[in-house]
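Participant: okay, sequence plus prediction incoming.
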Amino acid sequence: MKREISWPLVLGALGVALVVAAPVDAQNRNCGSRTMILSQLEEKYREAPIAQGLAPGGHLVEMFGAGPGGTWTVTITAPNGMMCLLTSGTDLEVLELPAQGDPV
């Protein structure tokens, strides 16, 4: 049976990840230059951006995926270009967003 993940659940998980990860300094996470990490995500995992949003402080939160059933990664990039991996997993399922104004 295939599980479906809702966007509110994904966004909620991103919010929790940001709160949990915020106090941890960059040395304790998998961080590096945005260019280097993007290259690794594409070359090693064949992941491409599938969602993004701005977080407080001008941080960019992104979700990358390798297509249906593949791997996925959530990252955060600081305004200075430092990118950190927040979480990752498998069995990606990309859902369509509801039309703007439609209830979720």
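Facilitator: Arrived safely, thanks for sending. What you are looking at is a predicted structure, and each value in this text was computed from that prediction instead of being measured.
Participant: the residue most central in space within the chain: which element?
Facilitator: Centre of the chain computed as the mean C-alpha position; nearest residue by C-alpha atoms, centre = their mean is residue 74, 2.2 Å away. Assigned by DSSP states H and E, residue 74 falls within strand 72-77.
Participant: quick check: what element follows that strand along the chain?
Facilitator: strand 82-89.
Participant: compute the inter-axis angle for that following strand and strand 72-77.
Facilitator: 160 degrees (axes from the mean of the first three to the mean of the last three C-alpha atoms, to 10 degrees).
Participant: just the helices in this structure please.
Facilitator: Using DSSP state H, the helices of the chain run over 7-21, 34-45.
Participant: re earlier: surely the residue nearest to the centre of the chain and residue 84 touch.
Facilitator: No - shown here, residue 74 and residue 84 do not form a contact pair, counting by C-beta atoms under 8 Å, at 10.0 Å. Quick note: C-beta positions are derived from backbone N, CA and C, even for glycine.
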